[in-house]
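# Got a predicted structure here, sequence first:
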Number of protein chains: 2
Amino acid sequence: MTRRKISNTLALAVLGLLLERTMHPYEMAAILRERHKDSSFKVNSGSLYDTVEALVRHGWIEPVETARDGRRPERTVYATTELGRSEFVGWIDELLRRPVAEYPKFMAAVSYLGALGPDGAAEALTERAGHLVRRIEETKAVLADTVGAGKAPRLFMIEVECALHAWEAELAWTRRTVAEIGDGRLSWPEVERSEDGWTWTGPTDGEGTTR
Amino acid sequence: MTRRKISNTLALAVLGLLLERTMHPYEMAAILRERHKDSSFKVNSGSLYDTVEALVRHGWIEPVETARDGRRPERTVYATTELGRSEFVGWIDELLRRPVAEYPKFMAAVSYLGALGPDGAAEALTERAGHLVRRIEETKAVLADTVGAGKAPRLFMIEVECALHAWEAELAWTRRTVAEIGDGRLSWPEVERSEDGWTWTGPTDGEGTTR
DNA sequence: CGCCGTATAGTCGGTTCCTACTACTAGGGA
DNA sequence: TCCCTAGTAGTAGGAACCGACTATACGGCG
């Protein structure tokens, strides 16, 4: 028995679009990009067609027409079903209510920050901070050009604000950590091999052993 | 041709552990859990064995011994190679320097916050805030019990601080958004179907149309 | 007028990932 | 002593995912 729900959130985007009107997959991808939703959803043509098929299997959407425009490839146009409409809201509600564990690559790398040594770590984080600053500025420009210019209601771009907030927090942590490495508040313990695991000596912490 | 690097960060955890000493996969999983690293890495036995095999294929680690303890299943013990040791640091460096696009489920759901209506959205976000508060407190307790108690240097748990910071930011955004829904600063536009897409009227924004 | 880059629309095949399962042992309680 | 649960160690099959590819149409430029 498969997991009751489809887990790929791209399916959420598909449902959302089909609630507006019927359309074919390629069109969905184009609209998502146009509306800057491709920063919240990973829009990949392969995954998209798989996802649409999965939605059909579950009865959340259904094909309503297969048309052919000139000699372009055939297009299958889909529409939501009654079931799809109700599950859509339920799914969003659940995703909003319950935080689920995610495993961002950055967290994995931070986990082994020690491996770069104080200088290497500070340098890498400093570069990251630069990238984040740029990304934040670009995103603010997009917001100014859409919501700021009255081209879309704020609610339609709210996830962009949310992402922005998250990046700003990451930037703040990154900068703070660089500073703490610099002034020694975050120190590198002396690590030595011992008979069982590692022995380390911290600067103020005394000493201990993992496991 | 496969992507030059292994992408699953679980491989990073495996390399990190094998730099300490040789061990077998099941042991890695146990240690990762013990050290609370399972919040940064998705430790899944199926993926773990696949990952280890991939690392062997790439020559980053190699089996050094296959032992059998009593009549338990046979265990294969692995060690890093020279190549593995050097790639480890390079990989971490790259992950730290370059932010990559991630697609958290929360962002997808926020993207369709509108679908719940003001009251539904506020309620769902409020519940989320509660979960976040609990998670933050639990994590602080873990930190107090390890770094605070001198059982581990701060550097060894730095990713937990990082995650904590991210959750606190998410909590702040969530609460602010609930407040903004409450006092109308974040408003729900009146949406109507029109001949092409949707027409909406914002409270202060005037009106416009998507696409 | 022919050529090239881009847009349209989707397919295909392989890798990765994960869930569910097997099979055995150790230890504790009744 | 016998069963039950938790721990140990890993396998197998399928679903999900993604990158690379196909094929046609269209518009602009030299």
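Ah, there it is.
# center of chain A - which residue?
A:Ser40 (5.8 Å; CA atoms, centre = their mean).
# contacting residues around that one?
The contact partners of A:Ser40, by CB atoms under 8 Å, 6 or more residues apart in numbering or on different chains, come to A:Thr9, A:Ala13, A:Glu159, A:Ala163, B:Tyr103, B:Met107, B:Ala108, B:Val110, B:Ser111. C-beta: built from backbone N, CA, C; applies to glycine.
# Pull the number of nearby residues for the second one.
Per other CB atoms under 10 Å in any protein chain shown, the neighbour tally for A:Ala13 reads 26.
# Greatest separation within the contacts of A:Ser40: which pair is it?
Within those, A:Ala13 and A:Ala163 form the most distant pair, 15.3 Å apart (CB to CB).
# thinking again about what came up before, how near is the residue nearest to the centre of chain A to B:Leu10?
25 Å (CB to CB, to the nearest Å).
# Kindly report the same for A:Ala169.
Taken as CB to CB, the span from A:Ala169 to B:Leu10 is 25 Å.
# Then A:Glu138?
31 Å.
# Then A:Glu127?
Taking CB to CB, one finds A:Glu127 at 25 Å from B:Leu10.
# Between these two, which is the more surrounded one?
A count of neighbours by other CB under 10 Å puts B:Leu10 above the other of A:Glu127 and B:Leu10, at 25 against 15.
# didn't that one look like it was pressed against B:Asp50?
No - using CB atoms under 8 Å, B:Leu10 is not in contact with B:Asp50; the gap is 9.0 Å.
# in the longest helix along chain A, what's buried?
Scanning chain A for the helix with the most residues, using DSSP state H, yields helix A:117-146. By neighbour count with 16 or more other CB atoms under 10 Å in any protein chain shown, helix A:117-146 contains the buried residues A:118, A:120-125, A:128-129, A:132, A:135-136, A:139, A:142-143, A:146.
# ok, the residues you listed vs DNA strand D, which is closest?
A:Arg135 (19.2 Å; CB to the nearest atom of the strand).
# For that closest one, which residues are in contact?
A:Trp167, B:Pro99.
# Can you tell me how far it is from B:Ser111?
The value you get for A:Arg135 to B:Ser111, if CB to CB is used, is 18 Å.
# cool, A:Phe156 as well?
In this view, A:Phe156 and B:Ser111 are 9 Å apart by CB to CB.
# Of these two, give the one with the bigger neighbour count.
A side-by-side neighbour count of A:Phe156 and B:Ser111, using other CB under 10 Å, places B:Ser111 first with 27 against 23.
# now the helices for chain A?
With DSSP H as the criterion, chain A has helices spanning A:10-20, A:25-34, A:45-57, A:82-97, A:105-111, A:117-146, A:158-182.
# And those: which comes nearest B:Glu27?
Nearest of the helices of chain A (CB to CB): helix A:105-111, 18.3 Å.
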